[in-house]
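Below: sequence and its predicted model.
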Amino acid sequence: MASEDRAAAGVTREEGSLGHQRIAFTVMVVLFVLAPFVFYPVFLMKALTFALFACAFNLLIGFGGLLSFGHAMFLGTAGYVCAHAAKEWGFNPEFAILFGTGASALLGIVTGLLAIRRQGIYFAMITLALAQMIFFFYVQTPFTKGEDGIQAVPRGMLFGAIDLSRPLAMYFFVLVIFLAGFLLIYRIIHSPFGQVLKAIRENEPRAISLGYRTDQYKLLAFVLSATLAGLAGATKALVFQLASLTDVHWTMSGEVVLMTLLGGLGTVFGPVVGAFIIITMENYLAALGQWVTVIQGAIFVACVLAFRRGIIGELGHWLKKPL
Amino acid sequence: MLQKRSALLAVSLAFAAGAAQAQISDGVIKIGVLNDMSGLYADLTGPGSVVAARLAVEDFGAAKKGMKVEIVSADHQNKPDVGSAIARTWYDTDKVDVIVDVPTSSVALAVSQITKDKGKAFLVSGAATSDLTGKACSPNTIHWTYDTWMLANGTGNAIVKTGGDTWFFITADYAFGHALERDTEAVVLKTGGKVLGKVRHPLSTQDFSSFLLQAQASKAKIIGLANAGGDTINSIKQAAEFGIVKAGQNLAGMLVFLPDIHALGLQTAQGLIFTETFYWDLNDNTRAFTKRFSAQAPRNLYPSMIHAGVYSAVIHYLKAIEAIKSDDGTKVIAQMKKMPTDDPLFGKGSIRADGRKLHPAYLVEVKKPSESKGPWDYYKVRNTLPADQAFRPVAEGDCPLVK
Amino acid sequence: MTEIFGVPTQALFGQLLIGLINGSFYALLSLGLAVIFGLLNIINFTHGAQYMLGAFFAYFLLNKAGLGYWWSLAIAPLASGAFGMLIERTMLKQLYKLDHLYGLLLTFGLALIIQGLFRNEYGSSGLPYPIPEELSGARNLGFMFLPNYRAWVIFASLVVCVGTWFVIERTKLGSYLRAATENPALVQAFGINVPRMITLTYGFGVGLAGLAGVMAAPIYQVSPQMGADLIIVVFAVVVIGGMGSIMGSIVTGFALGLVEGLTKVFYPEASNTVIFIIMAIVLMIKPAGLFGTQR
């Protein structure tokens, strides 16, 4: 991506006051706490898990400059492992989610070691290739039950005490997971590690010449992103009580790119907004039937031609404050 | 937002002439048509199923009887998570009472589970898996039109009996492909046939010539196509190109529908044998329905058996509500099973305790171009399987409801 | 009969030939993608939809204008090319200075729109297109039964591929094109209209997709989704061959057709995945692809 774009989006100028980001964060939390009393909780939970997925993806592309075209493999792997653990082995929900997230983290280490050795479009293609192999594995292996997926996954009792089959209990559980993931990402971006990552994104040779071992930084970013994507996937499996091939298919990897781009690459809040818009469209446009893909396509085109910084990126540009 | 959507999309069909019955929740019976509006199965299900449901409400005479019926529809994109999200929203916030159609077995299984949890009603027409009345059967689900066991049994039996006793399978490497192959293989073996080989291809393969050559080399008399949609169409098209049928082997489609034949053209599809439970040209009733259906359907398509199933299921559902004056899902389904069915498309029939709707099945053969008298005149009905033989016996299904 | 891993050699020859035929489609499509990427730096995800358009043009010409296959072979690529140039003029040209990502996203969005519109109009199960009479029938090669039309596909795609390679790598026009990608300002200074050249190049790349679509129409169903899944496979072919390398995409296209053909015999379930396995291995060993040079 052209660096002037990013500078314009204000991403590189966040050394100044971050007060407005705190305000934005507070507004977001208040909205999410009130939302389930107005909107349908299952829809909100779906949007939250995708928002976390998009934030994890954004950590890699927006701040590490690495475009992964295979992030669905982390979402799906964690989903399958979590669903299997909860359904077949009777894990408690918190352990099932941790277990699924751990599986994605492991996969992140293995695929990361292979992928970070390449840059740009070649990095994207390696991640795509690896994700296709993972997809093939899940089609073949019997525990995923083919295209039927692992169905009727029990949500179980959180810490053995809270019954997650109650929609509001589940909603706040998901909200806590989302906020934890979001704050972790926020912390990473603003840590020294995050600064080095940005330096690598802007000019890798210079970062190397300054003595940074860029490969290690990139690998760590990749694994963190994979782990958080896995957290989103494991949570999603419990929300829908279902883990299916949809989550590992390459179109899912494309969808997360769309969410992040629409919201604003390299912005803190952009992926959340992008995910909410796309999920709202999917849910409420579903009734428009055959026009869904046409409308999605039109949004892609409009996004690229008219507001390339994404919604939050444009907003931040207009307010002259990074969001 | 939710209210806005229902206002926007609900097709209000009948405004109550009298007061709404007290037992009908919120005074409206809301039917949700959930299917594939944009993908592989859009022609077999899609907007056509909405047309069929609308015709059913008209023919039942809901308006005259003072019942208020609305139809909503949505696209599940053949994804179980999208489908289950829509089903939950419909039941929880949009007050949908019954979901109909739902092609793609994975989505149908997910919706069946949710329907059971919420105590609503689910009438499956589009999905194929016989598990819906087998180990995944539910007191809230009725499987209407067809299933994998019936297709395998109808087609497999008839072909083996007429001499096609050696088979080679070209199977989609997905659960539904495996199920079709497994059920058909069992029938072939039981009737004394042999399976010489099988090959499993990834879903949405373009080129089948390699698999067809393997089938040819096996020297099997019958090549069974255990796949669906575009995969089946391409297999048949390329089999014609490679002269498979001319060289003496025959194709048996395990999951073929009228719109598929329309897409292929008779020149390519002629001679293909498969099983359907409905054909538009069966009798005066079906022809009259088809005329009305086609006038409203996109691109004036003729109805597939799935469309006909949606029509028949909705009519019977409304009759059951009329009888018990309640739209409680579990009760309505129980009532539907109690009452014999009777509608213009499938004639008289019944619904079994495991949720299986019973009606005759037809073994059809695609006509030669010279035999076809007009547009959509595609089938010769070779054999009619009576309702009691067409479907899997209750005992073999492992349905927990009937144990 | 001799056998290789339990498969008779004779049958194996047949399978290899089939692989080569599929490879010729990959070659034609990836050639177009490679030309566009090499000269415009755009990853053209609309390629699959443009291939589909070619097939639909052929269908329209036959059913609305009564023009047969041979006419379509000439007209459909021109029509899709013209449509491509319209897209280039109105949209793509704004993106040349930006990251690849934007071109990819824009063209992906366009593909969704085009495929969606066609599906709404013509349904999902597709439309039939007959094999031209001159090429119907088949001959028995001894080891297999080869439809004449398939033989024609190999021949035609080889001619087109080699011709394109020759024009770009060996003629003056081609050298202008290559120079324009290296340094457009300098080439412009020599009095060559670079923007027009780029537009024509894009039109040509899309035209190749349209041509592949016409050639595919008689074998595959003419359906709105016919190019949707093909695009990532073809894109993988381009990456393996080396992004932007003309020769690379041609050779890789045919070679991967063969590999895929063999996979269909020995492990058919993996026939869609094998290309990605090869891509991962190639990128590990030769980062710029088999024929590419690292930029």
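Structure received.

how much space between the residue lying closest to B:Y41 once chain neighbours are set aside and B:L40?
Excluding its sequence neighbours, the residue lying closest to B:Y41 (Cβ to Cβ, 6 or more residues apart in numbering or on different chains) is B:P103, at 4.7 Å. Heads up, the C-betas are built off the backbone N, CA and C, glycines and all. Here the criterion is Cβ to Cβ, to the nearest Å. By it, B:P103 lies 9 Å from B:L40.

Same question for C:R119.
Counting by Cβ to Cβ - C:R119 and B:L40 are separated by 10 Å.

Report the set of residues contacting both of the two.
Common neighbours of C:R119 and B:L40, counting by Cβ atoms under 8 Å, 6 or more residues apart in numbering or on different chains, are C:Q225.

who's more crowded, those two?
C:R119 (23 against 20; other Cβ atoms under 10 Å in any protein chain shown).

What is the burial count for the closest residue to that one other than its chain neighbours?
For C:R119, ignoring the flanking residues on the chain, the nearest one in space by Cβ to Cβ, 6+ apart is C:P224 at 4.2 Å. Per other Cβ under 10 Å, the neighbour tally for C:P224 reads 27.

can you list the residues that contact stretch B:279-289?
By Cβ under 8 Å, 6+ apart, stretch B:279-289 touches B:55, B:258, B:278, B:290, B:302-303, B:305, B:308, B:311, B:344-345, B:362, B:364, B:376-377, B:379, B:381.

Show me the common contact partners of B:P103 and B:L40, please.
In contact with both B:P103 and B:L40: B:N78, using Cβ under 8 Å, 6+ apart.

Are stretch B:50-65 and chain C in contact anywhere?
No: judged by Cβ under 8 Å from any Cβ of the partner chain, stretch B:50-65 stays clear of chain C, getting no closer than 14.3 Å.

ok, is that stretch in contact with chain A or not?
No: if you take Cβ under 8 Å from any Cβ as the test, stretch B:50-65 misses chain A, and the best it gets is 8.6 Å.

Return the residues of the stretch 251-400 of chain B in contact with chain C.
Residues of the stretch 251-400 of chain B lying near chain C (Cβ under 8 Å from any Cβ): B:259-260, B:262-265, B:267-268, B:298-299, B:301.

run the last query once more with 6 Å
Residues of the stretch 251-400 of chain B found near chain C (Cβ under 6 Å from any Cβ of the partner chain) are B:259-260, B:263-265.

could you dump those to TSV with neighbour count?
TSV is the format used below for those (neighbours: other Cβ atoms under 10 Å in any protein chain shown):
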residue	neighbour count
B:P259	28
B:D260	25
B:A263	26
B:L264	26
B:G265	17
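
Tell me which of those fall in helices.
B:259-260, B:263-264 (DSSP state H).

As TSV, those with pLDDT would be great.
Below are these laid out as TSV (pLDDT from 0 to 100):
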residue	pLDDT
B:P259	90
B:D260	90
B:A263	88
B:L264	89
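
Out of those, the closest to chain C would be?
Taking Cβ to the nearest Cβ as the measure, chain C lies nearest B:A263 of those, at 3.9 Å.

For B:K403, grab the count of nearby residues.
7.

now swap in A:D215 and tell me
14.

Look up which helix or strand it falls in, please.
Secondary structure assignment for A:D215, by DSSP states H and E: helix A:214-240.

Report the contact partners of B:I233.
B:260, B:263-264, C:221 (Cβ atoms under 6 Å, 6 or more residues apart in numbering or on different chains).

And A:L242, by the same measure?
Here A:L242 is in contact with A:149, A:151, B:80-81 (Cβ under 6 Å, 6+ apart).

neighbour-wise, which of these leads?
Ranked by neighbours (other Cβ under 10 Å), these are led by A:G149, which has 29 neighbours.

B:G156 versus B:L385, what's the distance?
For B:L385, the distance to B:G156 - Cβ to Cβ - is 12 Å.

go on, A:T49?
44 Å.

right, and B:A217 touches C:A11 too?
Yes: at 5.2 Å, B:A217 counts as touching C:A11 under the criterion of Cβ atoms under 6 Å.

who has more neighbours, B:L385 and B:G156?
Per other Cβ under 10 Å, whichever of B:L385 and B:G156 has more neighbours is B:G156, with 27 against 20.

contacting residues around the more buried one?
B:G156 neighbours (Cβ under 6 Å, 6+ apart): B:184, B:187-188.

Quick check: closest non-adjacent residue to it.
Nearest one to B:G156, counting by Cβ to Cβ, 6+ apart, is B:V187 at 3.5 Å.

Could you identify the helix or strand that succeeds the helix or strand encompassing the one you found?
Using DSSP H and E, B:V187 maps to helix B:175-190. Tracing the chain C-terminally past helix B:175-190 and defining elements by DSSP H and E, one meets strand B:194-201 next.

other SSEs contacting that next one?
Applying 3 or more Cβ pairs under 6 Å, 6 or more residues apart in numbering or on different chains; DSSP states H and E, one finds that strand B:194-201 makes contact with strand B:166-172, helix B:209-217.

B:V364 in helix, strand or coil?
strand (DSSP: H, G, I helix; E, B strand; the rest coil).

got a pLDDT number for it?
We note a pLDDT of 92 for B:V364 in this prediction.

Likewise for the one 4 residues further on?
For B:K368, the model assigns a pLDDT of 92.

residue contacts, it?
B:Q270.

State the distance from it to C:I277.
45 Å.

near chain A, which residues of the stretch 1-150 of chain C show up?
C:98-100, C:102, C:105-106, C:109, C:112-113, C:116, C:120.

For those residues, name the two members farthest from one another.
Largest separation among the residues of the stretch 1-150 of chain C next to chain A by Cβ to Cβ: C:D99 and C:N120, giving 32.4 Å.

what about the longest helix belonging to chain B, distance to the chain center?
Looking across chain B with DSSP H, the single longest helix is helix B:305-324. With Cα atoms, centre = their mean, to the nearest Å as the basis, helix B:305-324 stands 14 Å off its chain's centre.

Using CSV, write down the CA coordinates of it.
C-alpha atoms of helix B:305-324 as CSV (Å, rounded to 0.1, in the frame of the first residue of the first chain):
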residue,chain,number,x,y,z
MET,B,305,-40.4,-31.7,-7.7
ILE,B,306,-39.1,-29.5,-4.9
HIS,B,307,-41.4,-26.6,-5.9
ALA,B,308,-44.3,-29.0,-6.0
GLY,B,309,-43.3,-30.4,-2.6
VAL,B,310,-43.4,-26.9,-1.1
TYR,B,311,-46.9,-26.3,-2.5
SER,B,312,-48.2,-29.6,-1.2
ALA,B,313,-46.5,-29.2,2.3
VAL,B,314,-47.9,-25.6,2.8
ILE,B,315,-51.4,-26.7,1.9
HIS,B,316,-51.3,-29.6,4.3
TYR,B,317,-49.8,-27.4,7.0
LEU,B,318,-52.6,-24.8,6.7
LYS,B,319,-55.2,-27.6,6.8
ALA,B,320,-53.8,-28.9,10.0
ILE,B,321,-53.9,-25.4,11.6
GLU,B,322,-57.5,-25.0,10.4
ALA,B,323,-58.3,-28.3,12.1
ILE,B,324,-56.8,-27.6,15.5
